[in-house]
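**Q** next come a sequence and a model predicted from it.
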Amino acid sequence: MAYNVLLVDDSVTVRAVMTKTLKIAQIPLGELFTAGNGKEALDVLKEKWVDLVITDLNMPEMTGFELVDAMFVHEQYKAIPVIVVTTEGSTTRIDDLKKKGVRGYVRKPFTPEQIGEMITQVMGA
Amino acid sequence: MSEQKKIRVLIVDDSAVVRQILGRELAKDSMIEVVATAPDPYVARDLVVQYKPDVLTLDIEMPRMDGLTFLRRLMHYFPLPVVIVSSLTQRGGSLAMEALSAGAVEVVCKPGSSYTVGDMVIEITEKIKAAACVRVAKKDDGAVSKETKHTEGFKRLSLSKTTNKVLAIGTSTGGTEALRKVLPTMPGNAPGIVIVQHMPEHFTKSFAQHLNEECEIDVKEAEDGDTVVPGRALIAPGNYHMLLQRSGAVYCVQVKQGPLVSRHRPSVDVLFKSVARYAGSNAVGVIMTGMGSDGASGLKEMRDAGARTVAQDENSCVVFGMPKEAIALGGAEFVVPLMGIAAKALELAQS
Amino acid sequence: MAKDSQTVIDEVFCKVLEKQAFLFPDKTPAAELPPQSGNMLCADITFFGTEGKGKINFYAPEIMCQELAANFLGIEPDSEEAASKAPDALKEMLNMVCGNFLTDFAGETAVFDLTVPGVAPISKEEWSAVLTRPDALCYCADDYAIVCVLVMQE
């Protein structure tokens, strides 16, 4: 079994780090897709079968908050687990996201172990 | 004559025992090839991509994974004919209905006390063959909520004069979705409707309940003795035959057990023949999508008895089997696309 | 008594640089910073919230940012990939410092909106001018100079 993962972050560095991290964390990776903001992420979701979305919050054009909102009203996308990886530290905001259905939250800077554990927890492997 | 290609099947079930049994039994059929089995939707997805099977069988009640979500995504990204396997419970029936709405083409019961593994293998083999004939289109983006989507573009028809004609409908593969397009447009004073939809026992009850919520007319699973009256549609319960009877000025239905007729129970032929006998020219017969020929000779008898008759056209059929046979026998006065069937039936009921 | 913002940002800056970039900055007076060669970059981020608003700028040599990128990614600093990702690495550092600064300073329940960080090259003159600012926090890491400026309205 392999998970198709969509990484959403406007920082090309973070996307590269995340890609490496996923491999180090020994997550069974199927296809890995990337997007630079919420809107690009929705374009990917339309075409590609994604099992897990890992997203930043603060992005241009469409933020992670807006992406989460868009996903949770969509027939197809609302069942896809979302993990937020961000510098956002406000518990108010994080609790709000969790109430909406975001399954996991990791603070930047992070270790590969934190990412691995979060994914394992969320995907219920 | 060219050699017929085998139907390539992917089995998705979390029970290793079921995968083994199905794999072994299906392999005995010369027309079927089991290309792979999968214990969960993620593996299933990867195997679909890898093997591109012709048909997929899916246990809709796997405890760890949401089979319905998997089905919806499959229909969105890699649409293919899916045969659902479900238990005979209330929940199973309900899930099966949702699965059919989501695009699955057939439903089969899991073995139970009165239904052996052997029975199931026979049925699933039949349904796989039926499913392989189906053309599946990509389900469009689910951005609009399901409820809105279904009722969008529905114009409820109207009937100026209530009639005591009987409308008899018979359908099989693809029939659930076809009925969901035809029945909700029926006005509250539509003629009494009797329906045979090939479907397992208990599923017909869930199906009738779902439809009832979407229709102005009452829709229920038929019980022995139910009257056939305007504003009401009766669906023959799975595994029983339903016949039209007449008691004075009133039509009613008889629901009874019996052997398979035209390989089915309920059988469309059984229903249509009884309508020909007891309603004669006071009836309209409609045969819609489905594999095989059940209902073809029954529709011909109805037409010979003076009833007006309609067959669904090839283009709008999921499987153009039963309507095709009916047309070939000369039983269909009109051939109409799915979206025009309700209007045509009402028009003929008023004539 | 709550720490003032300058103290907090100093702590956060050092912590994030060490943890994420494996660079160990020492606070250094501006006059004692080693001269820097090559292009200089400036990254900025602005934050707005009920607890205050402000802006943080980082100033650093491009070559140091290249090393940042290399450390993030676990690749060679003189690789083409590290060079191409250098400006982005500086932005991301700033992003992380800002996020962590805001929770350390204003508490975990406070809510802030952040702009998307920007980065641009600056001239030698502009760099020199920054060094003369009284609110410039100057650091030396290996032979690199890096400056952080926090301007806040509470």
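**A** Now that the structure is in, tell me what you want to look at.
**Q** switch to C-alpha atoms for all contacts and neighbour counts from now on
**A** Fine.
**Q** how far away is C:T50 from A:G64?
**A** 21 Å (CA to CA, to the nearest Å).
**Q** so where is the chain shaky, pLDDT-wise?
**A** Went with chain A since none was named. Under the criterion pLDDT under 70, the flagged ranges of chain A are A:125.
**Q** meant chain C actually
**A** Scanning chain C for pLDDT under 70 picks out C:1-2, C:154.
**Q** for it, what's the longest helix?
**A** Counting residues, the longest helix found in chain C (DSSP state H) is helix C:80-106.
**Q** and it, what other elements does it pack with?
**A** The contact analysis (3 or more CA pairs under 8 Å, 6 or more residues apart in numbering or on different chains; DSSP states H and E) places helix C:80-106 against helix A:12-24, helix C:5-21, strand C:40-49, strand C:52-61, helix C:62-73, strand C:118-122.
**Q** and the second one, how far from the chain's centre?
**A** Chain-centre distance of helix C:5-21: 9 Å, with CA atoms, centre = their mean, to the nearest Å.
**Q** report the backbone C-alpha coordinates of it in CSV.
**A** As requested, C-alpha coordinates have been extracted for helix C:5-21 and formatted as CSV (Å, rounded to 0.1, in the frame of the first residue of the first chain):
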residue,chain,number,x,y,z
SER,C,5,10.1,42.1,22.3
GLN,C,6,13.8,42.6,21.6
THR,C,7,14.8,40.0,24.1
VAL,C,8,12.2,37.5,22.8
ILE,C,9,13.3,37.9,19.2
ASP,C,10,16.9,37.6,20.1
GLU,C,11,16.2,34.2,21.8
VAL,C,12,13.9,33.0,19.0
PHE,C,13,16.3,34.0,16.3
CYS,C,14,19.2,32.1,17.9
LYS,C,15,17.1,29.0,18.7
VAL,C,16,15.6,28.7,15.2
LEU,C,17,18.9,29.3,13.4
GLU,C,18,20.6,26.6,15.5
LYS,C,19,17.8,24.1,15.4
GLN,C,20,16.9,24.4,11.7
ALA,C,21,20.0,25.7,10.0
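**Q** so what strands line up beside whatever helix or strand comes next after it?
**A** Moving toward the C-terminus from helix C:5-21, the first helix or strand encountered (DSSP states H and E) is strand C:26-27. Its sheet considered, strand C:26-27 pairs with strand C:136-141 (antiparallel) by DSSP bridges.
**Q** next structured bit after the strand it pairs with?
**A** With secondary structure assigned by DSSP H and E, strand C:136-141 is succeeded by strand C:144-153.
**Q** ok, and what's touching that next one?
**A** Outside strand C:144-153, the residues that touch it by CA atoms under 8 Å, 6 or more residues apart in numbering or on different chains are C:6, C:9, C:33-36, C:52-61, C:64, C:131, C:135-140.
**Q** list only buried entries from these.
**A** Among those, the ones that count as buried by 16 or more other CA atoms under 10 Å in any protein chain shown are C:6, C:9, C:33, C:36, C:53, C:55-61, C:64, C:131, C:136-140.
**Q** three-state assignment of the residue nearest the centre of chain A?
**A** Among the residues of chain A, A:I54 comes closest to the average C-alpha position under CA atoms, centre = their mean, at 1.1 Å. The three-state assignment at A:I54 reads strand, by DSSP: H, G, I helix; E, B strand; the rest coil.
**Q** my guess is it meets A:V85, correct?
**A** Yes: in this structure, A:I54 sits in contact with A:V85. The criterion is CA atoms under 8 Å, and the distance is 6.7 Å.
**Q** now the helices and strands packed on helix C:80-106 as JSON lines including distance to B:A342?
**A** JSON lines is the format used below for the helices and strands packed on helix C:80-106 (distance: least, CA to CA, whole Å):
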{"stretch": "helix A:12-24", "distance to B:A342": "55"}
{"stretch": "helix C:5-21", "distance to B:A342": "67"}
{"stretch": "strand C:40-49", "distance to B:A342": "60"}
{"stretch": "strand C:52-61", "distance to B:A342": "64"}
{"stretch": "helix C:62-73", "distance to B:A342": "64"}
{"stretch": "strand C:118-122", "distance to B:A342": "61"}
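**Q** point out the most buried one among these.
**A** For those, the stretch with the most neighbours on average is helix C:62-73, a mean of 24; neighbours defined as mean count of other CA atoms under 10 Å in any protein chain shown.
**Q** on contacts alone, who are the packing partners of that helix?
**A** Judged by 3+ CA pairs under 8 Å, 6+ apart, helix C:62-73 is in contact with helix A:12-24, helix C:5-21, helix C:80-106.
**Q** got the contact list for it?
**A** Residues outside helix C:62-73 that contact it (CA under 8 Å, 6+ apart): A:13, A:16-17, A:20, C:20-22, C:38-41, C:76-78, C:82-87, C:89-90, C:144.
**Q** now the strand or helix carrying B:E213: buried residues?
**A** Counting by DSSP H and E, the secondary-structure element that holds B:E213 is helix B:203-214. The neighbour-count check on helix B:203-214 (16+ other CA under 10 Å) flags B:F203, B:T204, B:K205, B:S206, B:F207, B:A208, B:Q209, B:H210, B:L211, B:N212, B:E214 as buried.
**Q** hmm, the fifth one is touching B:M97, no?
**A** Yes: the pair formed by B:F207 and B:M97 meets the contact definition of CA under 8 Å, at 6.2 Å.
**Q** pretty sure B:R156 is in a strand, no?
**A** No: read with three-state DSSP, B:R156 is coil and lies in no strand.
**Q** how about the nearest residue to B:G330, chain neighbours excluded?
**A** Ranked by CA to CA, 6 or more residues apart in numbering or on different chains and with sequence neighbours excluded, the top spatial neighbour of B:G330 is B:K300, at 6.4 Å.
**Q** run a quick neighbour tally on the one you found.
**A** A count of nearby residues for B:K300, using other CA atoms under 10 Å in any protein chain shown, gives 26.
**Q** packing partners for the helix or strand containing A:L97?
**A** A:L97 is part of helix A:91-100, with elements assigned from DSSP H and E. In terms of contact count using 3+ CA pairs under 8 Å, 6+ apart, helix A:91-100 is assigned the packing partners helix A:64-72.
**Q** name the next helix or strand downstream of the helix it packs on, please.
**A** According to DSSP H and E, the helix or strand after helix A:64-72 is strand A:82-86.
**Q** that following strand pairs with which strands, parallel or anti?
**A** strand A:52-55 (parallel), strand A:104-107 (parallel).
**Q** residues making contact with the first one?
**A** Pointing back at strand A:52-55 there. With CA under 8 Å, 6+ apart as the contact definition, strand A:52-55 has outside contacts at A:3-9, A:64, A:80-86.
**Q** change it to 7 Å
**A** With contact meaning CA atoms under 7 Å, 6 or more residues apart in numbering or on different chains, strand A:52-55 is reached by A:4-9, A:64, A:80-85.
**Q** out of those residues, which is most surrounded?
**A** The member of the contacts of strand A:52-55 surrounded by the most neighbours (other CA under 10 Å) is A:V8, with 30 neighbours in all.
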